[in-house]
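Asks: based on what follows, work out the 3D shape:
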Amino acid sequence: MKSLLDALQEGRLVELSDTDKDKALEFLALLIEAIPDIGGRMDIVKDVKEREAQANTAIGYGVAIPHVRTGREGELLCAVGWSPAGIDYGAPDGRKVHLLIMYYVPDSRRPLYFKEVSGLAKAMKKTGDIGAFTGIEDIQAVRHKLLDWVALAIDEAVPDAKARMIKLEARQAAAPATAEGEKARISPAVVPFRILADETRRFVVLSQDAALIAALEKPGEIERLLAAPDGADVGGYKTALFATSAFALGRTLYDGVAIRTPS
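Replies: Residues are numbered from 1 along each chain as shown. Have a look, this model is predicted:
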């Protein structure tokens, strides 16, 4: 579920004020085009509209999952749009679409894409309230609902400890705002990170959180995390790895998530 978590963390959850389907698709496609890793390498607006013309991507119950595929290398990415009024999308059940989750899918990431969409579908069915987005009043409530789905999807796919971490973040995000709570909400509880290892087992941590980098790069901490299937407490963070990618020259990239523990 990393691409959806990244979208929520990086500001790619937006309210769609226009109820026109084409304009909504264009807005989300432009959000993806603006990601630095994408740049101006392809016309995502054109591609996603052409694919939508071939097959309607509404899955019913007020949700649509448009996507664009590419032969280029890169990461699975997504952007999420919420329409309070609903969009006449031509959905098979005749309902308006209130939630659009648009994916950018490199060919090498198609298995990951199918896994993420399958996990979301299972989470939607498990909640029993797939149409709940029709009654949501603000975008923070949309974010909380999506975090619930992510927690359920991860619960199906990974060990319990990792699922509990995501559920903890969802509960924190849903907590009423207080003076302290507002300060905590400004600094997101969930911190994605990556660890790059070379053939000599030298490690480099990539994250937007300098304190997390410092904690992980202390001697022995990364080795301890790699050896812990259910994650590890590292310098005030609960950390866990959920994906591993192998590259040439013996290099390995680990994707992880960390949650700040209360001080």
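Asks: could you list the low-pLDDT ranges of the stretch 101-250 of the chain?
Replies: Within the stretch 101-250 of the chain, the stretches with pLDDT under 70 are 127-135, 154-190, 229-230, 242.
Asks: for it, which segments count as helices?
Replies: Counting by DSSP state H, counting those that start in this stretch, one finds helices in the stretch 101-250 of the chain at the ranges 110-127, 139-157, 160-174, 179-186, 210-216, 221-226.
Asks: gap between the residue of the chain most remote from its centre and residue 249?
Replies: The outermost residue of the chain relative to its centre, with distances by C-alpha atoms, centre = their mean, is residue 200 at 31.4 Å. Counting by C-beta to C-beta, to the nearest Å, the gap from residue 200 to residue 249 is 11 Å. (Glycine included, C-beta is placed from N, CA and C.)
Asks: then residue 104?
Replies: According to C-beta to C-beta, residue 104 and residue 249 sit 27 Å apart.
Asks: neighbour-wise, which of these two wins?
Replies: residue 104 (28 against 6; other C-beta atoms under 10 Å).
Asks: now do the SS call for the closest residue to residue 47 other than its chain neighbours.
Replies: Among residues not flanking residue 47 along the chain, residue 68 sits closest, at 4.5 Å (C-beta to C-beta, 6 or more residues apart in numbering). Following DSSP: H, G, I helix; E, B strand; the rest coil, residue 68 is assigned to strand.
Asks: ok, residue 73 - contacts?
Replies: The contact partners of residue 73, taken as C-beta atoms under 8 Å, 6 or more residues apart in numbering, are 106, 108.
Asks: and residue 204, by the same measure?
Replies: 195-196.
Asks: ok, it to residue 66 distance?
Replies: As judged by C-beta to C-beta, residue 204 and residue 66 stand 35 Å apart.
Asks: hmm, back to that, mind checking how far the residue farthest from the centre of the chain is from residue 50?
Replies: When residue 200 is compared with residue 50 (using C-beta to C-beta), they lie 46 Å apart.
Asks: cool, residue 245 as well?
Replies: Distance of residue 245 to residue 50, given as C-beta to C-beta: 30 Å.
Asks: before we move on, what about residue 257?
Replies: Distance from residue 257 to residue 50, by C-beta to C-beta: 35 Å.
Asks: out of these two, which sits in the more crowded spot?
Replies: Using other C-beta under 10 Å, the more surrounded residue of residue 257 and residue 50 is residue 257, with 24 against 11.
Asks: host element of the more buried one?
Replies: strand 252-260 (DSSP states H and E).
Asks: ok, residue 45 - contacts?
Replies: Residue 45 neighbours (C-beta under 8 Å, 6+ apart): 25-26, 29-30, 33.
Asks: quick one, phi psi at it?
Replies: Backbone torsions for residue 45, taken as degrees, to the nearest 10, come to phi -60, psi -50.
Asks: once you drop chain neighbours, what's closest to residue 93?
Replies: Distances taken as C-beta to C-beta, 6+ apart put residue 60 closest to residue 93, at 4.3 Å, once the chain neighbours are dropped.
Asks: the one you found and residue 89, how far apart?
Replies: Counting by C-beta to C-beta, the gap from residue 60 to residue 89 is 10 Å.
Asks: in terms of neighbours, single out the busier of these two.
Replies: Neighbour tally, residue 60 and residue 89, criterion other C-beta under 10 Å: the higher count belongs to residue 89, 25 against 15.
Asks: for the more buried one, give its distance to residue 29.
Replies: Taking C-beta to C-beta, one finds residue 89 at 15 Å from residue 29.
Asks: and residue 92, by the same measure?
Replies: Residue 92 sits at a distance of 23 Å from residue 29 (criterion: C-beta to C-beta).
Asks: repeat that for residue 78.
Replies: Counting by C-beta to C-beta, the separation of residue 78 from residue 29 is 11 Å.
Asks: ok, the two, which is more surrounded?
Replies: With neighbours defined as other C-beta under 10 Å, residue 78 and residue 29 compare such that residue 78 has more, 26 against 22.
Asks: what residues are up against the more buried one?
Replies: So residue 78 contacts 3-4, 6-7, 12, 32, 101-104 (C-beta under 8 Å, 6+ apart).
Asks: am I right that it is in a strand?
Replies: Yes. Counting by three-state DSSP, residue 78 falls inside a strand.
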